[in-house]
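A.B. asks: just coords:
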Ligand SMILES: Nc1ncnc2c1ncn2[C@@H]1O[C@H](COP(=O)(O)OP(=O)(O)OP(=O)(O)O)[C@@H](O)[C@H]1O
Ligand SMILES: [Mg+2]
């Protein structure tokens, strides 16, 4: 419309031509009595029509603007704003409390349409939400005039838990009752509450088991085994093992919470990963010997694998991985400990053993950076694929590996993952039942 306005109206052109013709006739001194009045008349008609058209066009523009403003004010107030709100919102209305089908939603913003899978902004309420508790809360707001809320669980591939709040609104112009329903997604909150409760339950269970055993042996020693020298020695050895287990568990829990506390602060020291791995190999030597497992380190010379890190934590990572490899190997097996440098994260995360299933448990956000990787590989029992995603969960242990002398607390790999994460590094597991396991943990190299 703006572009059309820039062209002169044809009536203006006609009026202009008429004036030109009149001026020409006068200038050449041939004014004809019949032609001049006719030309004058045509010019005037053209000029008036042109002016009228301009006025009409202006008026129709104003009318359109007024209509648009009217339309805007006819939509619910702030509709555009509410439409884009991330929280799902419904405006509902009803006339008759007895008739359930007469409750309607007269506005559903985009988030509400996505959540409730609606393809319209208005419709019958029970077709949008069938949950009786939500409908009850809606009725309390509509007919009771009070604020009401409830929880709404949506089942499906991605189940969600929502807190629904219903609030009464003013009566509509036609006397209908109105209310607002807002949905708050509390899925993640509930999930973290559940994780915390699980964690507490697991931690207390893990502590209670050795504690119950200690109490049992104390009772026995004070009772019928009081005079039995042999039994006393045996029981004391078991009690010591149980007390050590409790102490290890508490150390691991404290270590985990310390790492989590400063996980957002990346370490800044430069550490020799080969020396850290060497320390861990030395520390694992007695356990490996006791279990008849041979450690085969293949580490570069000092200075060849410098990474940005925290030395104690890097040793802790290597110790946990080597400790697992030894624990879950059979006597006579070999555990290989290797180091690779000059890798991108993509290369480090590609793994060592294409023939077995692999899962990345942690991926750094600089895929092209320079990394050094510690690779710990065993030929022990290995694990079925379904266990791989859960290995770094606290207290997770593969079924069948829980009992007996090998039993650990299930915190080692959680610690490894949190340390690698603090270092902005990565963690990869490759394993298959009967084919052994390879863990690769990689850290950013010194710039
Ligand atoms: N190299 C491995 N081979 C086979 N299974 C393994 C291996 N490493 C870990 N697992 C399995 O993963 C589980 C979790 O390992 P994680 O190191 O977190 O706990 P843990 O060794 O049982 O106890 P902790 O390390 O706290 O003493 C183990 O219980 C075991 O079932
Ligand atoms: Mg372990």
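C.D. replies: That came through, no problem. Note that the structure is a prediction, hence the values are computed from the model and not measured. Residues are numbered from 1 along each chain as shown. Ligands and ions are numbered 1, 2, ... in the order given.

A.B. asks: from now on I want contacts and neighbour counts done on CA atoms only, so please keep to that.
C.D. replies: Fine.

A.B. asks: next up, the contacts around residue 239.
C.D. replies: 213-214, 217 (C-alpha atoms under 8 Å, 6 or more residues apart in numbering).

A.B. asks: hmm, try it at 6 Å
C.D. replies: By C-alpha atoms under 6 Å, 6 or more residues apart in numbering, residue 239 lies in contact with residue 214.

A.B. asks: and residue 192, by the same measure?
C.D. replies: By C-alpha under 6 Å, 6+ apart, residue 192 has no neighbours at all.

A.B. asks: now the helices for the stretch 301-447 of the chain?
C.D. replies: Along the stretch 301-447 of the chain, counting by DSSP state H, counting those that start in this stretch, helices occupy 311-327, 345-348, 412-422.

A.B. asks: next, format those as a markdown table and append mean pLDDT and distance to residue 114.
C.D. replies: Supplementary listing: the helices of the stretch 301-447 of the chain in a markdown table, determined by pLDDT from 0 to 100; distance: least, C-alpha to C-alpha, whole Å:
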| stretch | mean pLDDT | distance to residue 114 |
| --- | --- | --- |
| helix 311-327 | 97 | 44 |
| helix 345-348 | 94 | 36 |
| helix 412-422 | 96 | 34 |
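
A.B. asks: need those helices in a markdown table with mean neighbour count and distance to ligand 2, can you?
C.D. replies: Converted to a markdown table, the helices of the stretch 301-447 of the chain look like this (neighbours: other C-alpha atoms under 10 Å; distance: least, C-alpha to the ion, whole Å):
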| stretch | mean neighbour count | distance to ligand 2 |
| --- | --- | --- |
| helix 311-327 | 22 | 5 |
| helix 345-348 | 20 | 22 |
| helix 412-422 | 22 | 4 |
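
A.B. asks: and residue 377, which of the ones you listed is closest to it?
C.D. replies: Of all these, helix 311-327 sits nearest to residue 377, with 7.0 Å by C-alpha to C-alpha.

A.B. asks: helices and strands around the closest one, which ones?
C.D. replies: helix 273-291 (3 or more C-alpha pairs under 6 Å, 6 or more residues apart in numbering; DSSP states H and E).

A.B. asks: relative to helix 311-327, how tilted is the helix it packs on?
C.D. replies: 30 degrees (axes from the mean of the first three to the mean of the last three C-alpha atoms, to 10 degrees).

A.B. asks: just the mean pLDDT for helix 273-291, thanks.
C.D. replies: The average pLDDT within helix 273-291 is 96.

A.B. asks: so which bits of that helix are buried?
C.D. replies: 273-278, 280-281, 284-285, 288, 291 (16 or more other C-alpha atoms under 10 Å).

A.B. asks: can you check stretch 111-128 too?
C.D. replies: So stretch 111-128, judged by 16+ other C-alpha under 10 Å, has buried residues 111-113, 115, 118, 122-126, 128.

A.B. asks: which single residue of the stretch 1-150 of the chain ends up nearest ligand 2?
C.D. replies: residue 115 (42.1 Å; C-alpha to the ion).

A.B. asks: tell me the SS of that residue?
C.D. replies: Secondary structure, DSSP: H, G, I helix; E, B strand; the rest coil: residue 115 is helix.

A.B. asks: how close does it get to residue 129?
C.D. replies: From residue 115 across to residue 129, the span is 10 Å (C-alpha to C-alpha, to the nearest Å).

A.B. asks: name whatever forms a beta bridge with residue 338.
C.D. replies: residue 298, residue 375 (DSSP bridges).

A.B. asks: use 41 as the first number from now on
C.D. replies: Sounds good: first residue 41 from here, last item residue 378.

A.B. asks: if I pick it, what's in contact with it?
C.D. replies: So residue 378 contacts 338-339, 414-415 (C-alpha under 6 Å, 6+ apart).

A.B. asks: near ligand 2, which residues of the stretch 241-390 of the chain are found?
C.D. replies: Taking C-alpha under 5 Å from the ion as the measure of proximity, the stretch 241-390 of the chain contacts ligand 2 at residue 364.

A.B. asks: distance check, the residue of the stretch 241-390 of the chain found nearest ligand 1 against residue 135.
C.D. replies: Closest contact between the stretch 241-390 of the chain and ligand 1, by C-alpha to the nearest ligand atom, is at residue 365 (3.9 Å). Residue 365 is 71 Å from residue 135, where distance means C-alpha to C-alpha.

A.B. asks: and for residue 162?
C.D. replies: With C-alpha to C-alpha as the criterion, residue 162 and residue 135 are 16 Å apart.

A.B. asks: repeat that for residue 301.
C.D. replies: For residue 301 relative to residue 135 (C-alpha to C-alpha), the value is 56 Å.

A.B. asks: then residue 226?
C.D. replies: 32 Å.

A.B. asks: where along the stretch 41-190 of the chain do the helices fall?
C.D. replies: For the stretch 41-190 of the chain, the helices defined by DSSP H, counting those that start in this stretch occupy 42-45, 50-67, 75-114, 119-124, 150-156, 165-168, 172-183.

A.B. asks: for the stretch 191-340 of the chain, which segments count as strands?
C.D. replies: 200-209, 217-225, 310-312, 334-338 (DSSP state E, counting those that start in this stretch).

A.B. asks: which stretches of the stretch 291-440 of the chain have low pLDDT?
C.D. replies: 440 (pLDDT under 70).

A.B. asks: please identify which of the helices of the stretch 341-487 of the chain is closest to residue 435.
C.D. replies: Of those, nearest to residue 435 by C-alpha to C-alpha is helix 452-462, at 8.4 Å.

A.B. asks: ok, now which ones touch residue 482?
C.D. replies: Residue 482 neighbours (C-alpha under 6 Å, 6+ apart): 412-413, 465-466.

A.B. asks: show me which of those residues are buried.
C.D. replies: For those, a neighbour count by 16+ other C-alpha under 10 Å gives the buried set as 412-413, 465-466.

A.B. asks: what pLDDT does the spatially most central residue of the chain get?
C.D. replies: Taking C-alpha atoms, centre = their mean, the centroid of the chain lies closest to residue 228, which sits 9.1 Å from it. The score at residue 228 is 92. That number is its pLDDT.

A.B. asks: then residue 162?
C.D. replies: In this model, residue 162 carries a pLDDT of 89.

A.B. asks: quick one, phi psi at it?
C.D. replies: With angles defined as degrees, to the nearest 10, residue 162 sits at phi -140, psi 160.

A.B. asks: confirm for me that it is in contact with residue 146.
C.D. replies: Yes. Under the criterion of C-alpha atoms under 6 Å, residue 162 is in contact with residue 146, at a separation of 4.5 Å.

A.B. asks: stretch 272-285: which residues count as buried?
C.D. replies: 272, 275, 278-279, 282-283, 285.

A.B. asks: what's the spacing between residue 438 and residue 182?
C.D. replies: As judged by C-alpha to C-alpha, residue 438 and residue 182 stand 53 Å apart.
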